[in-house]
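K.L.:
Compute the structure for the input listed below.
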Amino acid sequence: MVRALWDTLFGIRDSPEDLQGPASLSEEACGDLVHSLVRLGFLTNMAHSLDGKSFITHEQLAKDILLQLDKHNGRVSLLNLPRTINADLADIQDRVQDLIRQRPGQFVQVQDELLKTEYLVLLVEKLNQELIRDGYLVISDMCRKHKFGVDFMRQFLKDRVGNTIAGQWDTVDRGLVIAPTFLAEQKAILRKTLSALDEPTSLNSLRGRHVVQDQLFYGLCDLVAKENDLPGVFRGTGDQGVFVPRPYEQQQIDWIETFFRNNGFIELDAVKKRGVADPKAHIQSNHPSALLLEVHAVKESIWSIIDASVEDTISNLSWIDVKPLLPSPLTKGDISSLLRQLPSLKEPTSRIAIAPDQDHSLTGLGGGSPQETLVIQDTIVVTSGQLQKCLLRMGPLLDRSLKNLVSWRLSHELGEHMDGQDDGENTASIIGEGGVSTLKGFLEHAMSSQTMQRKGSGNNNSNNKGKNASRKSEGKKKTQIQDFLTIQEVKDEIRQIEPDFDPALVNAVAGILHRDLVQNLKDRNRSVILNQVQDEEQQDEEAIEEGANAKDVVSDIRLLSKRIELSSKGIDVFEDSTVKNSLSKYLLQSWCVELLDLVVLRLAMLDATPAPALTDVTAVRERLRKSFMEHHHRMGGSTSEHQSFAIAAEDATALLKLVPPVALDPLKRLRKLTAGSGKQKNMAEYMEVWSALSQDPKLEFDIAGDSDVKDDRQLEAEHMQELGQILAAIKPHSDPALMLHIVALIAFQKWTGRMLHASGKYVPRILRQLRLLHKDETATEQLDLLDKMLNAVLSNVKQQQQQQQGEEQSGDVTQEDPDQLWQAVHDLGVLLSTPQ
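P.N.:
So this is what the prediction gives:
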């Protein structure tokens with residue numbers, strides 16, 4: 001490295017002898033040499049001068065900085081030092097950090113300035129002197145005067161105020177420090193000024209008087225407001241605040257209390273103008289029994305009189321206008337609010353709907369009791385009982401109107417339609433929405449003594465027919481029912497029967513009663529027509545219902561016939577003729593009997609107009625038809641949950657009188673076959689006779705041509721689903737015999753592909769036949785499980801019989817856990833019934 005440095009400074013000599021002579025360096029080469037030595041680390045603690053002509057050690061640079069700091073009284077700007085001591089700013093800053101680090105607590109760097117700790121001590125003394133002289137310090141002024149930043153000065157004061165600086169912060173202006181003695185003097189001056197006030201004065205005005213330092217004014221107000229002996233109160237803050245002297249405030253409160261006590265009411269705005277910020281809260285706190293209205297407040301001495309009057313009105317089922325009983329300054333809104341708060345009217349109520357053409361000042365309370373009330377035009381209280389009295393006396397008016405209407409109809413065509421007699425847009429009652437009004441109920445009661453009969457006014461079909469008839473009178477002025485009972489006539493009648501009624505009350509009551517009276521007139525006008533229309537509609541409905549019943553019976557016949565056909569195919573699987581005959585007999589005596597009953601009922605329904613002599617038989621048919629419809633509706637038209645429908649023998653014999661003659665012999669033959677010995681040939685004959693009977697077009701069975709009958713696979717799948725549902729409904733570990741019966745039927749249909757209708761006593765024969773048909777290992781294991789269950793069921797039955805006979809039970813019989821066996825067989829049934 002030294003060789004490389006030598007080559008750099010002096011170049012390469014031609015011979016070694018050249019190196020033995022003295023070497024001379026230029027000023028530039030000397031500077032380069034020192035720079036290289038510093039860079040290569042041979043010379044440390046060296047700094048380059050600012051002009052580049054000299055070098056200075058770090059120790060000397062630190063001494064120069066301290067010398068400048070002493071020269072400037074402990075505070076020097078680092079930005080001015082480079083030119084002063086001819087050093088680079090970066091080197092100066094490094095030395096400053098070294099000084100602060102090496103001499104902790106003696107130096108502080110504030111932004112680009114270096115300060116001695118003694119300078120800060122002197123600064124604290126100066127601030128204390130200024131605080132004593134002026135009484136307060138403003139941070140912004142201190143920053144300008146001592147040339148410090150705001151952040152430093154704020155933190156400087158924060159660390160020393162109340163400690164080395166004898167002062168305290170202002171409560172409002174956090175940029176202000178106050179001397180305690182000065183604060184006490186200013187506070188005393190402010191309190192003296194406030195005590196001299198005799199009327200409310202704004203804080204902005206007080207500040208303008210310059211009684212205290214402007215910077216201290218709002219902070220002093222905040223301190224004074226927290227003292228208990230302040231001669232008044234501050235309302236609001238800042239320039240918007242007002243000081244109210246306590247004598248003036250008390251004078252205003254006394255005026256409010258005197259006025260309220262003498263008059264029984266007071267305007268809330270007047271209370272607010274007297275300096276009370278929340279008039280309602282003031283009234284409630286000082287007068288808990290007073291009622292707060294929209295504009296005024298009233299004492300109990302006033303509203304209690306109104307409440308007693310209203311309560312008396314309700315008791316007498318009358319009406320009252322409360323406005324004359326109240327002070328005249330109270331507005332309509334005040335009166336309405338007062339009525340809503342009266343204890344006698346405070347029960348939960350609902351508003352009455354107002355028609356578009358009705359006075360919108362009318363509001364009311366709905367209900368059915370005569371003591372319920374309506375409030376009209378905000379001041380009149382009327383009870384439903386008063387309206388009932390008026391309704392009870394409206395009979396003569398309604399009779400006259402009905403008489404005029406009947407006379408008019410007799411003088412015109414009977415078929416001419418009268419506009420407005422249907423339930424159109426003008427027929428809705430104004431009392432209550434979505435239901436029959438209370439007043440309509442009063443009307444019905446009032447008119448019942450005059451033999452008024454209301455019939456079926458809600459029939460939609462009659463309304464539609466009336467609307468169609470109304471279109472025939474186009475181009476011609478139509479007479480309305482309202483023309484025979486106008487609202488003016490109702491008003492005149494009310495004036496006669498209630499001469500003391502207020503005009504507004506007359507208009508409101510007439511508006512309430514008119515629509516119900518018109519509706520009653522419409523109902524009576526339509527009564528004869530509605531009776532005729534209802535008779536026709538009843539006949540049509542009966543015809544439609546009979547058609548639907550016949551369709552349901554035929555549908556059940558078709559499905560049951562298909563079930564019998566599929567079950568007979570299942571019987572064919574058995575090889576033992578004795579078993580076949582027994583199963584055929586069971587099928588004949590169950591499903592075949594039900595099919596025969598349905599066929600007899602269907603054929604009896606073909607005769608729509610039987611002879612008068614057959615009235616009793618017709619009654620039997622109607623009873624059985626209704627019974628079948630109840631059964632059909634209960635089943636919901638489902639084929640997967642079949643339940644039997646049976647007809648008593650005497651009823652079936654009676655129905656034969658209504659059966660077409662062509663079907664009598666086949667029906668008797670079918671009945672004889674179901675009651676026979678039950679051999680398989682009887683089953684085949686039954687199916688043959690039934691097939692021929694069902695193909696007769698005159699009997700309207702149409703079995704072969706029915707496209708709605710489900711195919712065999714779908715019906716068998718539904719039968720399997722039915723068995724699965726029955727199995728799932730059996731409670732765990734209960735009724736093992738029924739559970740085994742269902743699982744056996746499921747296994748039979750699963751392994752043979754054919755459904756079977758058989759009772760529980762055929763379970764051993766079913767299992768025996770399945771063993772003959774299926775000998776694979778899986779089927780054998782499953783049949784063994786079913787045999788175990790069968791033995792367990794038989795053993796259980798035998799034990800029950802022995803218990804009933806008092807015999808001792810044998811203790812040698814051992815078998816598997818019955819619950820475990822039950823669950824295994826049940827799981828097998830679920831597995832086999834689940835579609836693969």
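K.L.:
ok, how many other residues are close to the closest residue to Ile376 other than its chain neighbours?
P.N.:
Counting by CB to CB, 6 or more residues apart in numbering, Ala508 is the residue found nearest to Ile376 once chain neighbours are left out, at 4.5 Å. For glycine as for every other residue, the C-beta is placed from the backbone atoms N, C-alpha and C. The local packing count at Ala508 equals 24, with neighbours defined by other CB atoms under 10 Å.
K.L.:
Would you agree Ala508 is in contact with Val375?
P.N.:
No. No contact is recorded between Ala508 and Val375 when judged using CB atoms under 8 Å, the distance being 10.1 Å.
K.L.:
doesn't Ala225 make contact with Leu194?
P.N.:
No. Under the criterion of CB under 8 Å, Leu194 makes no contact with Ala225, lying 10.1 Å away.
K.L.:
Can you name the element that comes right after whatever helix or strand His633 lives in?
P.N.:
Under the criterion of DSSP states H and E, His633 resides in helix 615-635. Once helix 615-635 ends, the next helix or strand along the chain (criterion: DSSP H and E) is helix 649-655.
K.L.:
List the buried residues for that following helix?
P.N.:
Asp651, Ala652, Ala654, Leu655 (16 or more other CB atoms under 10 Å).
K.L.:
And for stretch 281-292?
P.N.:
Buried residues in stretch 281-292 (16+ other CB under 10 Å): His282, Ile283, His287, Ala290, Leu291, Leu292.
K.L.:
Please compute how far it lies from its chain's middle.
P.N.:
In terms of CA atoms, centre = their mean, to the nearest Å, the centre of stretch 281-292 is set 38 Å apart from its chain centre.
K.L.:
how about the strands of the stretch 201-350 of the chain, start to end?
P.N.:
If you assign secondary structure with DSSP state E, counting those that start in this stretch, the strands in the stretch 201-350 of the chain sit at 201-202, 232-235, 242-245, 265-267, 291-292, 296-298, 319-321.
K.L.:
Out of those strands, which one sits most buried?
P.N.:
Across the strands of the stretch 201-350 of the chain, the average number of neighbours (mean count of other CB atoms under 10 Å) peaks for strand 296-298, which reaches a mean of 24.
K.L.:
contact partners of it?
P.N.:
Counting contacts by CB atoms under 8 Å, 6 or more residues apart in numbering, the residues outside strand 296-298 that touch it are 260, 264-268, 271, 279-280, 283, 287, 290-291, 326-327, 329-331, 334, 338.
K.L.:
Can you give me every residue that contacts Gly167?
P.N.:
Applying CB under 8 Å, 6+ apart, we find Gly167 in contact with Leu131, Tyr136, Leu137, Val161, Val177, Ile178, Ala179, Pro180.
K.L.:
Now Ile376. Its backbone dihedrals?
P.N.:
Torsion angles at Ile376 (phi, psi; degrees, to the nearest 10) stand at phi -110, psi 130.
K.L.:
quick one: it and Phe501 touch, right?
P.N.:
No. In this structure, Ile376 is not within contact of Phe501 by CB under 8 Å, at 10.8 Å.
K.L.:
could I have the helix holding His633 exported to PDB, CA atoms only?
P.N.:
Backbone C-alpha positions of helix 615-635 (Å, rounded to 0.1, in the frame of the first residue of the first chain) are rendered in PDB as follows:
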ATOM      1  CA  THR A 615    -136.500 -39.100  -1.500                       C
ATOM      2  CA  ASP A 616    -135.200 -41.200   1.300                       C
ATOM      3  CA  VAL A 617    -132.800 -43.000  -1.000                       C
ATOM      4  CA  THR A 618    -131.600 -39.600  -2.300                       C
ATOM      5  CA  ALA A 619    -131.000 -38.500   1.300                       C
ATOM      6  CA  VAL A 620    -128.900 -41.600   1.800                       C
ATOM      7  CA  ARG A 621    -126.900 -40.900  -1.400                       C
ATOM      8  CA  GLU A 622    -126.200 -37.300  -0.300                       C
ATOM      9  CA  ARG A 623    -125.100 -38.400   3.100                       C
ATOM     10  CA  LEU A 624    -122.700 -41.000   1.600                       C
ATOM     11  CA  ARG A 625    -121.500 -38.500  -1.000                       C
ATOM     12  CA  LYS A 626    -120.600 -36.000   1.700                       C
ATOM     13  CA  SER A 627    -119.000 -38.800   3.700                       C
ATOM     14  CA  PHE A 628    -116.900 -39.800   0.700                       C
ATOM     15  CA  MET A 629    -115.800 -36.100   0.100                       C
ATOM     16  CA  GLU A 630    -114.700 -35.800   3.700                       C
ATOM     17  CA  HIS A 631    -112.800 -39.000   3.400                       C
ATOM     18  CA  HIS A 632    -111.300 -37.800   0.000                       C
ATOM     19  CA  HIS A 633    -110.300 -34.400   1.400                       C
ATOM     20  CA  ARG A 634    -108.800 -36.000   4.500                       C
ATOM     21  CA  MET A 635    -106.700 -38.200   2.300                       C
END
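K.L.:
Give me the helices and strands touching that helix, please.
P.N.:
Contact partners of helix 615-635 among helices and strands, from 3 or more CB pairs under 8 Å, 6 or more residues apart in numbering; DSSP states H and E: helix 503-571, helix 593-604, helix 649-655.
K.L.:
May I see the buried residues of that helix?
P.N.:
Buried residues in helix 615-635, defined by neighbour count with 16+ other CB under 10 Å: Val617, Thr618, Val620, Arg621, Leu624, Arg625, Phe628, His632.
K.L.:
Need the residues you listed in TSV (columns: pLDDT and distance to Asn404).
P.N.:
Formatted as TSV, the buried residues of helix 615-635 follow (pLDDT from 0 to 100; distance: CB to CB, whole Å):
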residue	pLDDT	distance to Asn404
Val617	78	53
Thr618	80	47
Val620	81	53
Arg621	79	51
Leu624	79	53
Arg625	78	49
Phe628	77	53
His632	71	53
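K.L.:
Mind picking the two most distant members of the residues you listed?
P.N.:
Every pair in those was compared (CB to CB); the two farthest apart turn out to be Val617 and His632, at 22.0 Å.
K.L.:
Remind me which helix or strand Asp98 belongs to.
P.N.:
Using DSSP H and E, the secondary-structure element containing Asp98 is helix 89-102.
K.L.:
Go through that helix and flag the buried ones.
P.N.:
Across helix 89-102, burial judged by 16+ other CB under 10 Å covers Asp91, Ile92, Arg95, Val96, Leu99.
K.L.:
do stretch 302-316 as well
P.N.:
Residues Ile302, Trp303, Ile306, Asp307, Ser309, Val310, Thr313, Ile314 are the ones in stretch 302-316 that count as buried (16+ other CB under 10 Å).
K.L.:
Ok, stretch 57-73 next?
P.N.:
Neighbour counts using 16+ other CB under 10 Å place Gln60, Leu61, Ala62, Asp64, Ile65, Leu66, Gln68, Leu69, His72 of stretch 57-73 among the buried residues.
K.L.:
Now tabulate those in a markdown table and tack on distance to Gly570.
P.N.:
Output for the buried residues of stretch 57-73, formatted as a markdown table (distance: CB to CB, whole Å):
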| residue | distance to Gly570 |
| --- | --- |
| Gln60 | 124 |
| Leu61 | 119 |
| Ala62 | 119 |
| Asp64 | 123 |
| Ile65 | 119 |
| Leu66 | 122 |
| Gln68 | 123 |
| Leu69 | 121 |
| His72 | 123 |
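K.L.:
Go through the contacts of Gly167 and flag which are in strands.
P.N.:
Among these, the members found in strands (DSSP state E) are Tyr136, Leu137, Val177, Ile178.
K.L.:
in the stretch 151-300 of the chain, what spans have low per-residue confidence?
P.N.:
Per-residue confidence of the stretch 151-300 of the chain (counting by pLDDT under 70) places the weak regions at 172-173, 196-199, 201, 205, 208-215, 228-229, 233-240, 244, 246, 248.
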